[in-house]
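[1] Structure of the sequence below:
(one chain, ligands or ions: 1)
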Amino acid sequence: MPPLDRRFALKAAAALAATATTAGVAAATCAVQTAASQAAMTPAAALQRLQDGNARFVAGQPEHCDLLEQVRQTAGGQAPFAAVLGCIDSRAPPELLFDQRIGDIFTARIAGNLVDDDMLGSLEFATHVAGARLIVVLGHSECGAIKGAIDGVKLGHLTGLLAKIRPALGALKYQGVASSRNAELVQRVAERNVQDGVARLARAPVLAKLVQAERLKIVGAMHDLGTGRLTWTT
Ligand SMILES: [Zn+2]
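    The predicted structure follows:
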């Protein structure tokens, strides 16, 4: 084979191999969760799967799966491997941040990613009943609910919701008057609110039993709105 042809042939073979590897990863990522895949997954593996998904997201390389095919394959039942409790912020959708799709994760969303009784009940369903192996309490930077809680905003039913976030502020030491203009304080309260959420979940008897049996892990994470990256806090 002339040198040029040989070089071309080598390049083509390398490209083919790369495509095959990418296709292999996509096939694994696009496979829907089943009772068998869920049963085989450890809490640590569930966490790794979300971390890998966020790495694909921030690298701008999400998997493009056939969502309608996933709809068909999950129509008979679901077996999500994780549950995420996040904020309603339009810039923080868990499925996109973790590069997950139909049937992969439960998502519960409420302003300020607050753990209240009903959210706790939803997560007890997601884990004890439906078998998810991991709960992520996902806070984020520049959170409007956290800012509102710091400023003591009063508005309809929002007043009561924000009051439930206030203890996170009360638990911190800071100088001067609390204000949402203090960016560092906003971030610290958001982080503390995630910690408090994780602690509340860990105390719930139904979840604590699963954690003890190593069938569940509860972790916290902060999402940076400016980069899409996550910092795992617990
Ligand atoms: Zn928020």
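[2] what does the chain have sitting close to the ion?
    Residues of the chain found near the ion (CB under 5 Å from the ion) are 87, 89, 143, 145. C-betas here are computed from N, CA, C, even on glycine.
[3] Those residues: which two are farthest apart?
    D89 and A145 (8.3 Å; CB to CB).
[4] Neighbour count: those two, which is higher?
    Using other CB atoms under 10 Å, the more surrounded residue of D89 and A145 is A145, with 24 against 20.
[5] so who does the more buried one touch?
    For A145, the contact set (CB atoms under 8 Å, 6 or more residues apart in numbering) comprises 87, 111-112, 114, 161-162, 165.
[6] Please produce JSON lines containing these, extended by neighbour count and secondary structure.
    Output for those, formatted as JSON lines (neighbours: other CB atoms under 10 Å; DSSP: H, G, I helix; E, B strand; the rest coil):
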{"residue": "C87", "neighbour count": "24", "secondary structure": "coil"}
{"residue": "A111", "neighbour count": "18", "secondary structure": "helix"}
{"residue": "G112", "neighbour count": "26", "secondary structure": "helix"}
{"residue": "L114", "neighbour count": "21", "secondary structure": "coil"}
{"residue": "L161", "neighbour count": "18", "secondary structure": "helix"}
{"residue": "L162", "neighbour count": "23", "secondary structure": "helix"}
{"residue": "I165", "neighbour count": "24", "secondary structure": "coil"}
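[7] between the residues you listed, which is nearest A126?
    Scanning the contacts of A145 for proximity to A126, where the rule is CB to CB, the winner is L114, at 16.5 Å.
[8] Just give the number of residues close to the nearest residue to the closest one once chain neighbours are set aside.
    Nearest non-adjacent residue to L114, counting by CB to CB, 6 or more residues apart in numbering: K164, 5.6 Å away. K164 has 16 neighbours, counted by other CB under 10 Å.
[9] So K164 sits against D118, correct?
    No. Assessed by CB atoms under 8 Å, K164 is found out of contact with D118, at 11.7 Å.
[10] This structure: helices as residue ranges?
    3-30, 35-40, 43-58, 67-74, 94-97, 117-124, 144-151, 158-163, 166-170, 183-203, 205-212 (DSSP state H).
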